[in-house]
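In: can you look at this prediction? I've put the sequence above it.
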Amino acid sequence: MTSPVVRVMPETGFREIVALLAEYDITGVPVVDDDGRPLGIVSEADLLLTLAAQEDQGSLMPPPGAARPGPDGSVTAADLMSGPVICITPSTSVVAAARLMGRHGVKRLPVLDVDGRVFGMVSRGDLLRVFLREDRVIRREIVEEVLGRVEGVSPALVGVEVDQGRVVLSGTVPEPHLVPIVLNLCRSVDGVVSVTDRLSADTFGGLGPEDDSPDSSGSPDSPGSPGGAGGGTEGPGGGTGGRGADGRAGGARNGSARGSDAPAPVR
């Protein structure tokens, strides 16, 4: 927001308002009462209506409706202002402010303090300036603040790339329902243009589905496993040798398997 804000009273005259807009390079001012609470807004469009309503002998277009001058011929802020005033508070997010502008067709929003007094103004240009945030600043906020706020999500397991405000998320989160939460939080970061989802849910906590069984590891020390030392499957009349601990095939001797480098039995 812009603060302190240029304000006018209901009795402020037309030319004085024009002079304020030119001096401060702004396009509208809030009209406030004696306590600083908003009554309306006077914009350049309101002022132009008064100008367009003047007589023009060379124009075939009828003059538009405009503020009627008072008995003394003056036009004041009270005559020009439009209302009711759509206001926000300092805690209003830029997304909510942008939606209010779009919904009500306004270009600026007064910011009110806890007592309802105008102490700032947000324009469309102010909102658009958030998209000038540097990519590294956006990335740092996502990594340090957004991902750290989601319970169960480890920032170390989520890759964050930011290019011209476009965010790409990759890596893993522990549960599928956390993916939309992370995406929505990232979209709410100031300056983010879009978020691309390349996340996956690691429901096994870093272990594959076959890693849960202690007997499925294929360890050389597992009895009866294909790589077990001296292991083998006995067939009719004798055993078919497995592989020794060094990986060489065992031979069949009197129905028992042994490694090829084992000593021959003493007869």
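Out: Good, I have the coordinates. Numbers count the residues shown, from 1 in each chain.

In: tell me the SS of the nearest residue to Asp202 once chain neighbours are set aside?
Out: Of all residues not flanking Asp202 in the chain, Thr172 sits nearest, at 4.0 Å (CB to CB, 6 or more residues apart in numbering). Just so you know, the C-beta spots here come from the backbone N, C-alpha and C atoms, and that holds for glycine as well. Three-state call for Thr172 (DSSP: H, G, I helix; E, B strand; the rest coil): strand.

In: please tell me how far Thr172 sits from Arg124.
Out: 39 Å (CB to CB, to the nearest Å).

In: same check on Asp190?
Out: 15 Å.

In: and what of Thr92?
Out: Counting by CB to CB - Thr92 and Arg124 are separated by 15 Å.

In: also Asp79?
Out: 26 Å.

In: same check, this time on Pro110
Out: 14 Å.

In: neighbour count for these two, which is higher?
Out: Pro110 (25 against 16; other CB atoms under 10 Å).

In: how far away is the more buried one from Arg136?
Out: The value you get for Pro110 to Arg136, if CB to CB is used, is 33 Å.

In: strands of this structure, residue ranges please.
Out: 28-32, 38-43, 108-112, 118-123, 158-163, 166-173, 194-201, 232-235, 238-241, 251-253, 256-258 (DSSP state E).

In: nearest to Arg140 among these would be which one?
Out: Nearest to Arg140, of all the strands of the chain, is strand 158-163, at 9.2 Å by CB to CB.

In: can you list the strands of the chain in TSV and add distance to Asn184?
Out: Below are those laid out as TSV (distance: least, CB to CB, whole Å):
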stretch	distance to Asn184
strand 28-32	33
strand 38-43	32
strand 108-112	24
strand 118-123	23
strand 158-163	15
strand 166-173	12
strand 194-201	9
strand 232-235	56
strand 238-241	60
strand 251-253	65
strand 256-258	61
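
In: sweet, I'm off.
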